[in-house]
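K.L.:
Got a predicted model here, sequence first, then my questions.
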Amino acid sequence: MNKKLCSLLLGTLVLAACTPNGGKMNHSTGGMNMGGMNMDNGIATSEGMMAGDHAMMMQPGKQQLTVQEENGSSPTDLAFSIRKDGQVFTDFGISHTKKMHFIIVRDDLQYFSHVHPTMDARGIWHETFTPEAGGNYWLYADFVDSADGSYSPRYGQTFTADKGQYGLVKDFTMEKTVDGYHITMQPNVTGTSAKFAYTITDGAGKPAELEDYLGAKGHSILFTSKGDFTHAHAESFPPVFAAKVADNTFYRMYTQFQINGKVITVPFDWQS
């Protein structure tokens, strides 16, 4: 597990936020906001930590790292490398039990995956992936280096399968049922600081018991319609996630919990 600054108070949360650049094929880390640290082209400047009940701070990485799409071994093999000065980069640390978190989302935010690719002897990452539908996708490599600096560069890929319904459809329902669990989300916003509190009950109305999933009680990934990206984590129950949010911005958040050995994913929409 990567080292983080911790401040223990009652409540919850971990924030690691990223705002990637647009474009395809080979991309830098872009501008990032990591729990109170602004990052532009790899240079971090402190603006103070986000107020929260339980805050952990991930430092923005200072290296100039990019992601580059590679040739896969099959049509379903998504392959990519992380590059520094044009050379393959392999000096990764561990973040939430993994060297690499790979986030895949269609550009209308309808389809989402959070997977963990494997790295071969050449330093190329591989993930077997078949999309639920065709279209243009954003793919984010979310990782830390050995100094615990955090990065989330992205690239784009188009899949030629049937697209089905295409386009952003907003749904501001704050109650959802997924895999038999009733899930509600309650936002609490002060300025640009937002907290998102979740309640999860089973079919009998009893609180669901959340298991550790990738070193946390929950993962929540927030996307704007432009593909800006925030990854937050809950550390206790009931789960609360916090993030810095922009004014007058739409967010779709995909939140994941593990219950009885199974990961469930629930989407919620929110407008600041």
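P.N.:
Now that the structure is in, tell me what you want to look at. Keep in mind that this is a model prediction, so the values were computed, not measured.
K.L.:
pLDDT weak spots in the stretch 1-150 of the chain?
P.N.:
Applying pLDDT under 70 to the stretch 1-150 of the chain picks out residues 1-58.
K.L.:
and with 50 instead?
P.N.:
Low-confidence segments of the stretch 1-150 of the chain (pLDDT under 50): 1-57.
K.L.:
Quick check: the gap between the residue of the chain positioned farthest from its centre and residue 217.
P.N.:
For the chain, the residue at maximal distance from the C-alpha centroid (C-alpha atoms, centre = their mean) is residue 204, at 31.0 Å. Look at residue 204 and residue 217: by C-beta to C-beta, to the nearest Å, they are 21 Å apart. In short, each C-beta sits where N, CA and C put it, glycine included.
K.L.:
How about residue 252?
P.N.:
Relative to residue 217, residue 252 is positioned 21 Å away (C-beta to C-beta).
K.L.:
where along the stretch 1-150 of the chain do the helices fall?
P.N.:
Counting by DSSP state H, counting those that start in this stretch, one finds no helices in the stretch 1-150 of the chain.
K.L.:
Report the secondary structure state of the residue farthest from the centre of the chain.
P.N.:
At residue 204 the chain is in coil, as set by DSSP: H, G, I helix; E, B strand; the rest coil.
K.L.:
and it, backbone torsions?
P.N.:
Per-residue torsions, residue 204: phi -90, psi 0 (degrees, to the nearest 10).
K.L.:
any idea where the strands of the stretch 151-272 of the chain begin and end?
P.N.:
Taking DSSP state E, counting those that start in this stretch as the criterion, the stretch 151-272 of the chain contains strands spanning 154-159, 175-178, 181-190, 193-201, 218-224, 229-234, 240-244, 250-259, 262-271.
K.L.:
Point out the other helices and strands that the first one packs with.
P.N.:
In terms of contacts (3 or more C-beta pairs under 8 Å, 6 or more residues apart in numbering; DSSP states H and E), strand 154-159 is packed against strand 26-28, strand 65-70, strand 135-144.
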